[in-house]
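>>> Need the 3D shape of this:
(chains A and B)
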There are 2 protein chains.
Amino acid sequence: MESFIEFHSRSSGIYLSVRSVLYRKRTKYQEILVFENDFFGRVLALDNLIMTTTKDEFIYHEMLSHIPMKSHPNPKSILVIGGGDGGTLREVLKYPIDKAYLVEIDEEVINVSKLFFPELSKSFDDRRVNVVIMDAIEWVKKSNEKFDVVLIDSTDPVGIAEGLISESFLENVKKLMNDISVICIQSESPFYHLEILEKIYKTFKSVFSNAYVYTAPIPTYPGGYWSFTISFIGLSVPGIRNQYIIQNLKFYNDEIYKSCFSLPQFLKERIYGIN
Amino acid sequence: MESFIEFHSRSSGIYLSVRSVLYRKRTKYQEILVFENDFFGRVLALDNLIMTTTKDEFIYHEMLSHIPMKSHPNPKSILVIGGGDGGTLREVLKYPIDKAYLVEIDEEVINVSKLFFPELSKSFDDRRVNVVIMDAIEWVKKSNEKFDVVLIDSTDPVGIAEGLISESFLENVKKLMNDISVICIQSESPFYHLEILEKIYKTFKSVFSNAYVYTAPIPTYPGGYWSFTISFIGLSVPGIRNQYIIQNLKFYNDEIYKSCFSLPQFLKERIYGIN
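So this is what the prediction gives:
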């Protein structure tokens, strides 16, 4: 394999040359591919969609984690749904939390991350971490755990991850959330997947009473521009609610928190329906 | 030609399929290519670098124009350097201005835009517009015009556009600027061209005493993430200073103005040298 193209539409996409393929395997759930690219470093693709790269993973993982974590007055218990590469776990463990659960359907993603992405997967051994290999849809039905922050770090919500944006799944997640808690999901590209983003926003608003969309620039994701949808229980609006200072972040800072909720006009009109 | 790849580094880039090539010509200055893509519509490339597309041009043109225009208390006279596609001109003409000069080195870009990008080029016929076909480096040496807002809408500052970020050129531009005025330049990708961005920022700060960087997500530009550098004469910091309400914008709104100056941590440290 000399080159990799992820198609974002039928006629556009990202091109990466492939220095070498490090791993390729079809699991029960998906095809896992790891390759080396001279600019982005190691690239993890699931079903030929780029999930993360050494060079730009910090943006996605910091923005999925720190916006919700800073929104909670004192986040102690965290649930990560998906996130088998470990990057989201790494970020939430930077806070003085008591426990983190990670519920990942495909154990092979964790194994691959431990082998090829040591900077992402280093938190799996932390004593506060509980890894559950199971379909999250089943796990949330049975669990009695309670959480302050829930992060849905899934693949695109088609195929195996489609159920993670359904109302019934989110109702079950809600039962595991504390009276004051925050839930956040990666909600696709505002350019390429506006209908999916709109659907996620509406479902979140319906299940959790409120919802807000924020964005971040992620070079290897479709359009280089990504969205996240966040809802609050027992809290009304976005806002920095704890004073934990997390060192050595490369993307997040408190100014980014305040600015990332400002949406471009086309998106504001489409999502919030206002001018 | 069935596909087009713009390389952003030697091993990464954007892939677009080509429905049909509409125009291709080598002028004295560069190779102009116009093709049709099913997702982005018409694509204008100069020396194989994408300059603008029907689908996402609004982001670049609105962000290069409205941030500076809203920063000035009463922008009446505008200079656009480069910008032969007409998109920046279209945006500034939405304000009640008295005059706009556009100084473009390559007349063929204007002709091509009139032929293939009617939505971009419709402002060339406005009675307030003065089009000068000339190297801007020569023009600014001789001109006696004065401007409230100067917008440098150039190709990448290598090759023919390299002189547009030199200190001597900017000193000559400064002589054409009013006591209260604003100058803004597109300053490349924060992911791919951080050294160029840093150089532009330092040169702007040195020539105009202050400089600020803001960003916008632009899908067809390297990394999907673009920067602009702005300096103020007779004004100290960014701020909305006029109450003109411009209708029908698709990207800009006043919240975007306030948020676009918030830089990610890596960029803030690199550009402003602070934590």
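>>> where's stretch A:209-219 relative to the chain centroid, distance-wise?
Relative to the chain's own centre, stretch A:209-219 is displaced by 11 Å; criterion: CA atoms, centre = their mean, to the nearest Å.
>>> Just checking it against chain B, any contact.
Yes - applying CB under 8 Å from any CB of the partner chain, one finds stretch A:209-219 touching chain B at A:215, A:217-219. Where you see a C-beta, it was placed from the backbone N, CA and C, and this is true even at glycine.
>>> where in the stretch 1-150 of chain A is pLDDT low?
Within the stretch 1-150 of chain A, the stretches with pLDDT under 70 are A:1.
>>> where does it come near chain B, residue by residue?
If contacts are counted using CB under 8 Å from any CB, the residues of the stretch 1-150 of chain A sitting beside chain B are A:5, A:7-17, A:19, A:37-40, A:56, A:59.
>>> Got a ChimeraX select line for the buried ones in the residues you listed?
For the buried members of the residues of the stretch 1-150 of chain A next to chain B, the matching ChimeraX selection, counting by 16 or more other CB atoms under 10 Å in any protein chain shown, is:
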select /A:8,9,11,12,13,14,15,16,17,37,39,40,56,59
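>>> so of the residues of the stretch 1-150 of chain A next to chain B, which ones are in strands?
Among those, the ones falling in strands (DSSP state E) are A:5, A:7-9, A:12-17, A:37.
>>> So which residues make contact with stretch A:237-245?
With CB atoms under 8 Å, 6 or more residues apart in numbering or on different chains as the test, stretch A:237-245 has contacts from A:67, A:69-75, A:95-96, A:210, A:212, A:214, A:230, A:232, A:235, A:254, A:257-258, A:261.
>>> how about the residues of the stretch 151-275 of chain A that lie near chain B?
If contact is defined as CB under 8 Å from any CB, the residues of the stretch 151-275 of chain A in contact with chain B are A:191, A:215, A:217-219, A:221, A:223-225, A:249-253, A:255-256, A:258-260, A:262-266, A:268.
>>> picking up where we left off before, of the residues of stretch A:209-219 next to chain B, which is the most crowded?
Across the residues of stretch A:209-219 next to chain B, the neighbour count under other CB atoms under 10 Å in any protein chain shown reaches its highest value at A:I218, namely 27 neighbours.
>>> residues touching A:T88, list them.
A:T88 makes contact with A:61, A:64-65, A:80, A:151, A:153 under the criterion CB under 8 Å, 6+ apart.
>>> top of those residues by neighbour count?
A:L151 (31 neighbours).
>>> sec struct for that residue, please.
Three-state assignment for A:L151 (DSSP: H, G, I helix; E, B strand; the rest coil): strand.
>>> With the one 5 residues further on instead?
Under the three-state scheme (three-state DSSP), A:D156 adopts coil.
>>> So it is in contact with A:L49, correct?
Yes - when contacts are counted by CB atoms under 8 Å, A:D156 is listed as touching A:L49 (6.4 Å).
>>> before we move on, the earlier item: report the buried members of the contacts of stretch A:237-245.
When neighbours are counted using 16+ other CB under 10 Å, those contain these buried positions: A:67, A:69-72, A:75, A:95, A:212, A:214, A:230, A:232, A:235, A:257, A:261.
>>> For A:V129, name its beta-bridge partners.
For A:V129, the residues forming beta bridges with it (DSSP bridges) are A:A100.
>>> isn't it right up against A:G86?
No - A:V129 lies out of contact with A:G86 (CB under 8 Å); the separation is 9.3 Å.
>>> what touches both of these two?
Common contacts of A:V129 and A:G86 (CB under 8 Å, 6+ apart): A:102, A:123.
>>> Give me the more crowded residue out of these two.
The residue with more neighbours, out of A:V129 and A:G86, is A:G86; 29 against 19, by other CB under 10 Å.
>>> what sits against the residue nearest to A:Y225 when sequence neighbours are not counted?
Counting by CB to CB, 6 or more residues apart in numbering or on different chains, B:P217 is the residue found nearest to A:Y225 once chain neighbours are left out, at 3.8 Å. Contacts here follow CB under 8 Å, 6+ apart; on that basis B:P217 touches A:215, A:217, A:223-225, B:59, B:224-226.
>>> same thing but 7 Å
If you count contacts by CB atoms under 7 Å, 6 or more residues apart in numbering or on different chains, B:P217 has them with A:217, A:224-225, B:59, B:224-225.
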